[in-house]
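A.B. asks: pasting the sequence and the predicted model now:
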Amino acid sequence: MVSSLKLIWRLTSQQGSLWAKWVHTYLICNGNFWAIKESTSLGSWIWRKLLKYRDKAKVFHRMEVHSGKSTSFWYDTWSDMGHLYDVVGPRGCIDMGIRATASVASVFNRQKRAHRVDVLNQIEAVLENQRLKAVDAEDTPLWKQKEGTYKNLFSTKRTWHLIRQAAPIVNWHTGIWFQQATPKYAFCTWLALHNRLTTGDRMITWSSSIDPACIFCQHGIETRNHLFFECVFTAAVWTKLTRGLLGTHFSTNWDSILSLLVSNTLDCRVRFLVRVVFQTSLLSLWRERNERRHGSTPTPSASLVKFIDRQVKNKCLSIPVTGNQRLGALLQLWFASQA
């Protein structure tokens, strides 16, 4: 959504984007972006998607009026009343005697009227106030940065924070989204933390014909905690990889492992390696589980250990030694733990 809002900002900010000029020439023509019907047959699917996001963009976009020449009277937000067309509808254009295509500047010389409808009198008062403040300068497009603050720039970060639903910060986030994390491993781990992987206990709720038993050991229902790492097969893989690294802190319990990922009691190098092994093991075992579910030839645990070991070594080698004293000698530590 934020990327769509950014494209809308380019269309309405008049800042010289080649794409925006093309859209204004061939799709908007002499009309107004806010007034185009969603049912239009022009443009691609992304153009029609932008039209659908206009209601969301109206909350963020407004015009700072100076001369009023480039601000639409009905369709731009130039006062605290918002989009006036949304307030009074097509009937308002008739009652006020102002064309739907009129700019703010074009109605400055219009004679003020008295109306029987209060909202129309409010619009007249806002227009009169704007007429008194008019100066000979270009109007400025603005974008919302935070509540009550607008600037002549688009901030992806601030826009995202305004549209998203904020949630409490969880204590495990540093153990998953750390600086050197591999995105695909981190994402799969994030899904597992939210218990969104399609494990047997979840699939049985969708269809009673599905076998919910663990594909590795065939004992009990396959849950996330069982799969990582209470199952005999997965526990053997995890034990082989981390027993020497964790020592007395070793555990196959899901909650205990999560606490180790963010624990300050572990050496930072050990903690880093545990994070890498955990994420790599989780994705590798999940792939093996899916392949077995779909009839592929089972991979022995020793082969999985060898594959994960190779991935951990590659990660250690990918981290530059210079300028990173905290994570120095990672490969030596890993070799020592596997001896």
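C.D. replies: Ah, there it is.
A.B. asks: average pLDDT for the lengthiest helix in the chain?
C.D. replies: Counting residues, the longest helix found in the chain (DSSP state H) is helix 268-293. Mean pLDDT, helix 268-293: 95.
A.B. asks: which helices and strands does that helix pack with?
C.D. replies: Other helices and strands packing on helix 268-293, by 3 or more Cβ pairs under 8 Å, 6 or more residues apart in numbering; DSSP states H and E, are helix 173-176, helix 183-193, helix 232-246, helix 254-261, helix 301-318, helix 330-337. Heads up, the C-betas are built off the backbone N, CA and C, glycines and all.
A.B. asks: quick one: the fifth one to helix 330-337, angle?
C.D. replies: Spelled out, it's helix 301-318. With axes from the mean of the first three to the mean of the last three Cα atoms, to 10 degrees applied, the angle from helix 301-318 to helix 330-337 works out at 150 degrees.
A.B. asks: so which elements touch helix 301-318?
C.D. replies: Judged by 3+ Cβ pairs under 8 Å, 6+ apart, helix 301-318 is in contact with helix 232-246, helix 268-293, helix 330-337.
A.B. asks: can I get those helices in JSON lines with distance to M203 and mean neighbour count?
C.D. replies: Shown next, in JSON lines, are those (distance: least, Cβ to Cβ, whole Å; neighbours: other Cβ atoms under 10 Å):
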{"stretch": "helix 232-246", "distance to M203": "18", "mean neighbour count": "19"}
{"stretch": "helix 268-293", "distance to M203": "10", "mean neighbour count": "20"}
{"stretch": "helix 330-337", "distance to M203": "36", "mean neighbour count": "16"}
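A.B. asks: for the ones you listed, give me JSON lines that also has distance to V2.
C.D. replies: Formatted as JSON lines, the helices and strands packed on helix 301-318 follow (distance: least, Cβ to Cβ, whole Å):
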{"stretch": "helix 232-246", "distance to V2": "38"}
{"stretch": "helix 268-293", "distance to V2": "27"}
{"stretch": "helix 330-337", "distance to V2": "36"}
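A.B. asks: where does the protein dip in pLDDT?
C.D. replies: 321-326 (pLDDT under 70).
A.B. asks: following the longest strand along it, which helix or strand shows up next?
C.D. replies: Counting by DSSP state E, the longest strand found in the chain is strand 140-146. Proceeding N to C from strand 140-146, the next assigned helix or strand is strand 149-151, under DSSP states H and E.
A.B. asks: which residues does L330 contact?
C.D. replies: Residues in contact with L330, defined by Cβ atoms under 8 Å, 6 or more residues apart in numbering, are 269, 272-273, 316, 319.
A.B. asks: centre of the chain to the longest strand of the chain, how far?
C.D. replies: For strand 140-146, the separation from the chain centroid amounts to 21 Å (computed by Cα atoms, centre = their mean, to the nearest Å).
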